[in-house]
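A.B. asks: Sequence unavailable; structure follows:
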């Protein structure tokens, strides 16, 4: 509420609209017809900043019909709970306009105002120096000690009228604060759990660099949140075969992250026989995984794209199968680049889906680049219907041919510098297989 002085008394009617009776706010004093109201009188506590005569306070003390006044002395021995007995408080400051701004009484009045503000009690200050209270605006109104008694009565009635609403708002605010603290604790606990889940998921991934003779694997993992919907792995099947895959669960976050753990457990790259074992063809690995997922009856369209390959390090032959995944890229040392296509739908659509086995023989200097669809907007400007080659971003092909360690660093930098990188839209994963030309000659 605005602070009012004697000179601004004429503006009170505009600055403060007197309340009308309602079912939710109390009505104080007699009715307009002069008959006594059935509601209780206004309870007023009077604090004296000075012991000088205050005509306004004297008139309030003399009133018996619409208010009851009680002088209160606040000191170290006072039970401040007594303030809750009042609907409104009057502070009487009888010092003149030229009174010392640093006097003890003024400091005491300021201290009382802070106390009353914490208790949501409206205050009317009877004073000739209202500017000394300019720092107190909400719920504090200054009136002239020599001003109109009806003006003072209107101010007191208005302050008392709004107090129940202020107390209710304060109660709701306190409840919201408690709720906020409770939610903050829950969010903090959830955040710790997600950090642990993220660390565990990363522990299940292979090292960023693995090698077998002239073949080297490199990986990049960039989840868009704590837990990723991407999963990849690289593993030795026997002395001359390596298996590797990249799968991408639809969506991201906790649900997709849990699904990736199921994928890792469900992939069966070898079949144990009575007299040994056999390496399962990529198409059958994906078919088995598809049937397991379909039998789970996963809700909310929890489907998976996947790419699975088996590398024979003796024949340099790569067999692979694709399940609705972006085609891998094959870079040759003669500057040729093409996509490795295969037939296969998303994993988990239905039992009995079939996937094709494809074969490519690698030559020294070749690179196979496998990526999740979270990287596609960074690499490609336009993808026509398959099997046509996509249109790559300017300079992207040259970057994808750069040495693998440098390529991974440049991809990280590129992702970091993209607009919205702090709120990455999707998980990004990359698996690179290099056939080292120098190692093969050795």
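C.D. replies: Sure, I can see it. This is a predicted model, so every value here is computed, not measured.
A.B. asks: helix, strand or coil for residue 65?
C.D. replies: coil (DSSP: H, G, I helix; E, B strand; the rest coil).
A.B. asks: Was I right to think it contacts residue 42?
C.D. replies: No. Counting by C-beta atoms under 8 Å, residue 65 stays clear of residue 42, with 10.2 Å between them. From N, CA and C alone the C-beta is placed, and that goes for glycine too.
A.B. asks: So if I had to pick from the two, which one is more boxed in?
C.D. replies: Neighbours were counted for residue 65 and for residue 42 using other C-beta atoms under 10 Å; residue 42 has more, 24 against 10.
A.B. asks: Which residues are in contact with that one?
C.D. replies: With contact taken as C-beta atoms under 8 Å, 6 or more residues apart in numbering, residue 42 is in contact with 28, 29, 66, 67, 68, 87, 88, 156, 157, 160.
A.B. asks: Show me the two of the residues you listed that sit farthest apart.
C.D. replies: Across the contacts of residue 42, the longest distance by C-beta to C-beta is 14.0 Å; it joins 68 and 157.
A.B. asks: Look at those two and report which has more neighbours.
C.D. replies: Between residue 68 and residue 157, counting by other C-beta under 10 Å, residue 157 is the more crowded of the two (21 against 16).
A.B. asks: right, and the helix or strand after the strand or helix carrying the more buried one?
C.D. replies: In the assignment (DSSP states H and E), residue 157 maps to helix 149-203. Sequence-wise, the next helix or strand downstream of helix 149-203 (DSSP H and E) is strand 209-212.
A.B. asks: how about residue 322, secondary structure?
C.D. replies: Secondary structure, three-state DSSP: residue 322 is strand.
A.B. asks: which residues pair with it across the strands?
C.D. replies: On the basis of DSSP bridges, residue 322 is bridged to residue 307.
A.B. asks: Just give me the neighbour total for it.
C.D. replies: Using other C-beta under 10 Å as the criterion, residue 322 is surrounded by 25 other residues.
A.B. asks: residues in contact with it?
C.D. replies: Contacts of residue 322 by C-beta under 8 Å, 6+ apart are 306, 307, 340, 341, 342, 343, 344, 355, 356, 358.
A.B. asks: So residue 89, which state does it fall into?
C.D. replies: When classified by three-state DSSP, residue 89 comes out as strand.
A.B. asks: Would you agree it is in contact with residue 47?
C.D. replies: Yes. Judged on C-beta under 8 Å, residue 89 makes contact with residue 47 at a distance of 6.3 Å.
A.B. asks: Look at the two and report which has more neighbours.
C.D. replies: Neighbour tally, residue 89 and residue 47, criterion other C-beta under 10 Å: the higher count belongs to residue 89, 25 against 22.
A.B. asks: Buried residues of stretch 404-416, list them for me.
C.D. replies: Residues of stretch 404-416 classed as buried: 404, 407, 408, 411, 414, 415 (neighbour count, 16 or more other C-beta atoms under 10 Å).
A.B. asks: Need the pLDDT of the second one.
C.D. replies: In this case it means residue 407. Looking at residue 407, its pLDDT reads 94.
A.B. asks: from what I can see it touches residue 399, true?
C.D. replies: Yes. Counting by C-beta under 8 Å, residue 407 does reach residue 399; the two are 6.7 Å apart.
A.B. asks: got a list of what residue 245 touches?
C.D. replies: By C-beta under 8 Å, 6+ apart, the residues touching residue 245 are 232, 233, 267, 285, 306, 307, 308, 309.
A.B. asks: low-scoring stretches of the stretch 301-442 of the chain, by residue?
C.D. replies: Counting by pLDDT under 70, the stretch 301-442 of the chain shows low-confidence ranges at 301, 420-425, 438-442.
A.B. asks: how would you label residue 360: helix, strand or coil?
C.D. replies: In three-state terms, and counting by three-state DSSP, residue 360 is strand.
A.B. asks: right, and it touches residue 341 too?
C.D. replies: No. Under the criterion of C-beta under 8 Å, residue 360 makes no contact with residue 341, lying 10.7 Å away.
A.B. asks: of those two, who's got more company?
C.D. replies: Taking neighbours as other C-beta under 10 Å, residue 360 and residue 341 compare with residue 360 leading, 17 against 13.
A.B. asks: Name whatever forms a beta bridge with the more buried one.
C.D. replies: residue 318.
A.B. asks: which residues does it contact?
C.D. replies: Contacts of residue 360 (C-beta under 8 Å, 6+ apart): 317, 318, 320, 330, 340.
A.B. asks: how near is the second one to residue 331?
C.D. replies: What that stands for is residue 318. From residue 318 over to residue 331 the distance is 13 Å, taken as C-beta to C-beta, to the nearest Å.
A.B. asks: Need the residues touching each of those two.
C.D. replies: residue 368.
A.B. asks: Of the two, which one has the most company?
C.D. replies: For residue 318 versus residue 331, neighbours defined as other C-beta under 10 Å are more numerous around residue 318 (25 against 19).
A.B. asks: wait, doesn't the more buried one sit right on residue 367?
C.D. replies: No. Using C-beta under 8 Å, residue 318 is not in contact with residue 367, being 11.7 Å away.
A.B. asks: for the contacts of residue 360, which one is nearest residue 431?
C.D. replies: residue 320 (11.7 Å).
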